[in-house]
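*Asks:* Let's see this in three dimensions:
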Amino acid sequence: MTAALSSLTVARPRRVERVVTGQRTSDGAGVKLTRVLTHDLQRRLDPFLMLDAFGTDNPGDYIGGFPDHPHRGFETVTYMLEGRMRHRDSAGHEGLLTPGAVQWMTAGRGVIHSEMPEQQEGRMEGFQLWLNLPGKDKMSPPWYRDIAPAEIPELRTAEGGTVRVIAGESHGVAGAVQRAVTEPLYLDLHLDPGAVFAQPLAASHNAFVYVYRGAMRIEGTEVPAQRMAILTNDAASDGVILSATADTPARALLIAGAPLAEPIVQHGPFVMNSNEEIFQAVEDFRAGRLA
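*Replies:* Residues are numbered from 1 along each chain as shown. All right, here's what the predicted structure looks like:
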């Protein structure tokens, strides 16, 4: 659905603390991607653990996909812009990600899944975000939801912005997913040339913007495409204001959430609160109990 709304007022906007260039790497069976939110930023951007961006017209960069692999202790959010990806997991879930769709998976106590391309040619583009679970929920039952493009609410502002509200709330429009503890906000912003967009943010939440088309300006700092802007934390701030350049449209992800302030111990696909819990996760996986 699409609603036409006027922009909200942000009186004390956040600034850009720093602009980050992601690390080019590969994962799965040789899938080429850019790791935007890296391991060293996990504490700074708590509750978010990782953001990968992938986008290529070369099938050789993605055709191997992500064969069976385990997860425990967090959630994965996959947002597809172009291409088709098939999900299967050990909990019996199966779904097909298509352009504009989202897959939200809670690994909880453990799941083994695969994400494999269902195309032999063409463009594959999208993002995967890792969202931490609080310690009390890390051993919860696995959960999975495919969110079709039509199920993601959209709004249109009078100032020239179109927003897909994947999680949280924007301008009174509730997103497709809500989470009580981490309170994630996940917006896909499409700004017309010269458009301005304001989004209230809780002062206690960590937030960042990843620009993936054009360029955006945030309180005097220009953020070019394929860059992440970490936003300042300021007890007096009440949100963020983004604008596109006068002659070029821009697209970006705006992501924010409530920090858990808990220990983060990661070993590959397992994210827990202690080394002992990691040792148990590895043992459970080797013993076939991670399902």
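*Asks:* in the chain, which spans are helices?
*Replies:* Applying DSSP state H to the chain gives helices spanning 275-286.
*Asks:* list the contacts for the residue nearest to A29 when sequence neighbours are not counted?
*Replies:* Nearest residue to A29 in three dimensions, chain neighbours excluded: G64, at 3.0 Å (CB to CB, 6 or more residues apart in numbering). Bear in mind the C-beta positions are built from the backbone N, C-alpha and C, glycine included. By CB atoms under 8 Å, 6 or more residues apart in numbering, the contact list for G64 reads 28-31.
*Asks:* okay but D137 is in contact with L131, surely?
*Replies:* No: using CB atoms under 8 Å as the test, D137 is too far from L131 to be in contact (11.2 Å).
*Asks:* Looking at the two, which is more packed in?
*Replies:* L131 (22 against 18; other CB atoms under 10 Å).
*Asks:* Look up phi and psi at L45.
*Replies:* With angles defined as degrees, to the nearest 10, L45 sits at phi -110, psi 20.
*Asks:* could you measure the residue most central in space within the chain against M116, distance?
*Replies:* Ranked by distance to the mean C-alpha position of the chain (CA atoms, centre = their mean), the top residue is L129 at 3.4 Å. Distance, L129 to M116, by CB to CB, to the nearest Å: 20 Å.
*Asks:* I figured L37 hits L51, correct?
*Replies:* Yes: counting by CB under 8 Å, L37 touches L51, with 3.9 Å between them.
*Asks:* so what sits against both of these two?
*Replies:* With CB under 8 Å, 6+ apart, L37 and L51 have common neighbours 129, 228.
*Asks:* residues contacting the residue lying closest to T98 once chain neighbours are set aside?
*Replies:* The shortest distance from T98 to any non-neighbouring residue, by CB to CB, 6+ apart, is to R84 (5.7 Å). The contact partners of R84, by CB under 8 Å, 6+ apart, come to 96-99, 117-119.
*Asks:* which of those sit farthest apart?
*Replies:* Using CB to CB, the contacts of R84 span at most 13.1 Å, a distance reached by P99 and P117.
*Asks:* From R72, how far off is the closest residue to H69 other than its chain neighbours?
*Replies:* Leaving aside its chain neighbours, H69 sits nearest to P269 (5.9 Å; criterion: CB to CB, 6+ apart). If you measure P269 against R72 using CB to CB, the figure is 7 Å.
*Asks:* Tell me how far the residue nearest to A29 lies from D137.
*Replies:* From G64 to D137 the distance is 32 Å (CB to CB).
*Asks:* Retrieve the pLDDT associated with E276.
*Replies:* Note on E276: pLDDT of 98.
*Asks:* Start the count at 99 instead of 1 going forward.
*Replies:* Got it, the first residue is 99 from now on, which makes the last one we talked about E374.
*Asks:* quick revisit: redo the contacts of R182 as CSV? Include neighbour count.
*Replies:* As requested, these are arranged in CSV below (neighbours: other CB atoms under 10 Å):
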residue, neighbour count
L194, 13
L195, 23
T196, 15
P197, 13
P215, 19
E216, 12
Q217, 14
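*Asks:* Mind checking which of those are in strands?
*Replies:* Counted as lying in strands by DSSP state E, out of the contacts of R182, are 194-195, 215.
*Asks:* if I read this right, A151 contacts Y308, doesn't it?
*Replies:* Yes: counting by CB under 8 Å, Y308 is a contact partner of A151 at 7.0 Å.
*Asks:* more crowded one of those two?
*Replies:* Per other CB under 10 Å, whichever of A151 and Y308 has more neighbours is Y308, with 24 against 20.
*Asks:* Next up, the contacts around the more buried one.
*Replies:* Neighbours of Y308 in contact, by CB under 8 Å, 6+ apart: 134, 149, 151, 225, 325-327, 350-351, 353.
*Asks:* Brilliant, that's me finished.
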